[in-house]
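J.: This is a predicted model, with the sequence first.
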Protein chains: 2
Amino acid sequence: MEPKRPATIHQVARLAGVSHTTVSRYLQDADSLKPKTRIKVEFAVKSLDYRPNLVARSMRTRRTNRLAIVLASGPHFPGRLLVAASETAHRAGYQVDIVSVEGGQRARSARIEDLARSGQVEGILAISPTGLKSKRLQQVPIVESETYDDKLRGLGELAAASEMVEIVEYLASLGHRSFFHVSGDQDFGSARNRKAVYLEAIERLGLSSVGVYDGDWTAQSGFDAITALPGDCGVTAVVAANDVVAMGVVRGALSRGWSVPGDLSVFGWDDEVMGKFATPSLSTVAVDREAQGRDAILRLLAEISGEPAPEPAARTINRLIFRESTAPPPGA
Amino acid sequence: MEPKRPATIHQVARLAGVSHTTVSRYLQDADSLKPKTRIKVEFAVKSLDYRPNLVARSMRTRRTNRLAIVLASGPHFPGRLLVAASETAHRAGYQVDIVSVEGGQRARSARIEDLARSGQVEGILAISPTGLKSKRLQQVPIVESETYDDKLRGLGELAAASEMVEIVEYLASLGHRSFFHVSGDQDFGSARNRKAVYLEAIERLGLSSVGVYDGDWTAQSGFDAITALPGDCGVTAVVAANDVVAMGVVRGALSRGWSVPGDLSVFGWDDEVMGKFATPSLSTVAVDREAQGRDAILRLLAEISGEPAPEPAARTINRLIFRESTAPPPGA
DNA sequence: CTGAAAGCGCTTACAG
DNA sequence: CTGAAAGCGCTTACAG
């Protein structure tokens, strides 16, 4: 069977006995019609199951009503964030296209610039680093979800906002004095920020750090970081960039004969479900990915419409979760 | 600065000194132009950085060039599959919209049917179960990624295709005789299939199963399944629906004082990176999610164009990975 | 091989 | 409050 064509605005108009102009008006603002007219149109729309042709509307309004979410496929796939972002966009009348940008930093930013110039989308949300120098010069707004942390820093909200400080303080309260940080990919603003805050906290609290290992969000990087440590470094607490990395750290420690948390405490990030059931279960930061996705799209939407950026709600909901992987240092 | 408007086909035509019809023809099939004309158009297109307005094209061709990937947000978020699916669709000239469908089975299928009738997409790929009775009656093709396994069954390729058989055979070869399966959400075709194949394999090989626990893909369900087992059930091998479930199973076993794999062997599925670094590391099935995503979109595209379904390549690439969570049963 | 014309289904001034 | 007209940027018969 031939798929029957959807009803057009003209058919609705004919059935309702009005002009298609009036139907269009009804679609924009039903209250602008005389009640009697409105009811006729309403009836016609319903009985024909009319849905406006969005392509035609786009054509006429010169607005695509489309957003792109770009990401580099990698170990760091933020599914929940993505779903929440799409939903928020849909609610605002936007379609969302997921585009993954591969290759090196240069290739990726070229791809994103091309997308921005394509005229196909009204805005871009980048979940992985864009590598773009200036987002201001682009044709359409680009929100880089990862620079969020950086902005907070600029606002001086750092101390209050950062879970990293809480982690270090918590471990210090347990008696730890010698720390180690396995960072995430330094192309990511969030990774750079966590590293900076870690160093500041160590300094401010008069603790010592045996250094920072620049990882890449992978478990392997956590494993490598720990196994590369000198045996006599004396570290008793490590803060990992996320739970996956933490898992690698734990495994690496075990492979050296260090028990966790007996000899070494390990803190993760993200509250991955596997970390909750791992042995030892991972102390971590519960992150509200939904809120992050929502906030990011809201900021993008605000930029598109030229309104001031909305207040982010995300931060307040993150919180520390203490599990088996952290304990007082040996001999404490 | 006002964002400058993209060049139109008319501007290209004027610059090239031809009609816009000719430019359009160039876009469709450059070889249909006289070489001299083609070169003029080529030049004009390049110098104006012309990109056809896809909305206008859609309007004229009455094709949206859009696909939807629907999923129910849940513990089971197939990021890699999604990215591979989008890329494959893009390469075929389609945009992909991610839509998450929430609520109960009924609400979800209503939402999907609505999407199919919306005229906004040319096809739908469902990553979670649609609950639709018949996909044939829909306005646009719907491919349910999860029923894939079921179809294979119908084809009698089951024995060859199923990793579940290999898992059970492997565990049996280790000496295990008493099995247990924690299944995934039975709304999923893949979960139903694995359960059925598990039972068949147990039967065929003359092994015994203490039963199947109908889980929901979560670690908690794995934990609950194991802790609900009678102490004297004698099970020595459990096959979990995936690695997350397996993690819960291991943790549950440990909480009962059963060592893994000393007392109990546990097999997972999906090759999650955290499972590789867990202690014990999880034996699992490496699944090629990219291939699955690619294949699913290719099947959808084939249905849209009315061509026969392409040969799936996914299955051949899945393979078992043996790690620390499996070993011979106690006393073997 | 190329061009003039029609039309895809809407929205938005402009009149009335 | 409502309608007639123009036009968004393309593609596709139809002529030539």
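T.: Yep, that arrived.
J.: For the rest of this, base every contact and every neighbour count on C-alpha atoms.
T.: Will do.
J.: so what's A:Glu311 scoring on pLDDT?
T.: Note on A:Glu311: pLDDT of 74.
J.: That one belongs to a helix, doesn't it?
T.: No: secondary structure assignment places A:Glu311 outside any helix; it is coil (DSSP: H, G, I helix; E, B strand; the rest coil).
J.: Tell me how far it lies from DNA strand C.
T.: Going from A:Glu311 to DNA strand C by C-alpha to the nearest atom of the strand, to the nearest Å gives 29 Å.
J.: now swap in A:Ala286 and tell me
T.: A:Ala286 is 43 Å from DNA strand C, by C-alpha to the nearest atom of the strand.
J.: Now for A:Gly175, how many residues are close by?
T.: If you count neighbours by other C-alpha atoms under 10 Å in any protein chain shown, A:Gly175 ends up with 17.
J.: Tell me the spacing between it and chain B.
T.: 27 Å (C-alpha to the nearest C-alpha, to the nearest Å).
J.: how deep is the nearest residue to that residue once chain neighbours are set aside tucked in, by neighbour count?
T.: Leaving out its chain neighbours, the residue that sits closest to A:Gly175 by C-alpha to C-alpha, 6 or more residues apart in numbering or on different chains is A:Pro328, at 5.8 Å. Residues near A:Pro328, counting by other C-alpha under 10 Å, number 19.
J.: Likewise for A:Glu102?
T.: Neighbours of A:Glu102 (other C-alpha under 10 Å): 15.
J.: From DNA strand D, how far off is it?
T.: For A:Glu102 relative to DNA strand D (C-alpha to the nearest atom of the strand), the value is 28 Å.
J.: Please list all residues in contact with that residue.
T.: A:Ala72, A:Ser73, A:Arg108 (C-alpha atoms under 8 Å, 6 or more residues apart in numbering or on different chains).
J.: Make TSV out of those and add pLDDT and distance to B:Ala219.
T.: TSV is the format used below for these (pLDDT from 0 to 100; distance: C-alpha to C-alpha, whole Å):
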residue	pLDDT	distance to B:Ala219
A:Ala72	86	28
A:Ser73	77	25
A:Arg108	90	36
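J.: Most neighbours among the residues you listed, which one is it?
T.: Neighbour counts for these peak at A:Arg108, which has 22 neighbours (criterion: other C-alpha under 10 Å).
J.: On the three-state scheme, the residue nearest to A:Gly175 is what?
T.: Taking three-state DSSP as the rule, one finds A:Pro328 in the coil state.
J.: And it, its phi and psi?
T.: For A:Pro328, the backbone dihedrals are phi -60, psi 150 (criterion: degrees, to the nearest 10).
J.: Touching stretch A:303-323 from outside, list them.
T.: Contacts with stretch A:303-323, where a contact means C-alpha under 8 Å, 6+ apart, come from A:122-123, A:140-141, A:161, A:163, A:166-167, A:276, A:280-288, A:291-292, A:295, A:298-299, A:302.
J.: Helices along the stretch 151-300 of chain A, start to end?
T.: Along the stretch 151-300 of chain A, counting by DSSP state H, counting those that start in this stretch, helices occupy A:158-161, A:163-174, A:189-204, A:219-227, A:243-255, A:273-277, A:289-305.
J.: Please identify the most buried of these.
T.: Among those, helix A:243-255 has the highest mean neighbour count (mean count of other C-alpha atoms under 10 Å in any protein chain shown), at a mean of 27.
J.: Distance of A:Glu200 relative to DNA strand D?
T.: Distance, A:Glu200 to DNA strand D, by C-alpha to the nearest atom of the strand: 53 Å.
J.: Spit out the contact partners of that residue.
T.: Contacts for A:Glu200 were tallied using C-alpha under 8 Å, 6+ apart; there are none.
J.: Can you read off the pLDDT for it?
T.: 93.
J.: what's the answer for A:Asp232, then?
T.: If you check A:Asp232, the pLDDT there is 91.
J.: tell me the phi and psi of it?
T.: phi -110, psi 20.
J.: Let me know the distance separating the closest residue to DNA strand C within the stretch 151-300 of chain A from chain B.
T.: Closest to DNA strand C within the stretch 151-300 of chain A is A:Leu300: 21.3 Å, counting by C-alpha to the nearest atom of the strand. Going from A:Leu300 to chain B by C-alpha to the nearest C-alpha gives 17 Å.
J.: I'd say that residue and A:Glu144 touch.
T.: No: proximity of A:Leu300 to A:Glu144 does not meet the contact threshold set by C-alpha atoms under 8 Å, at 9.2 Å.
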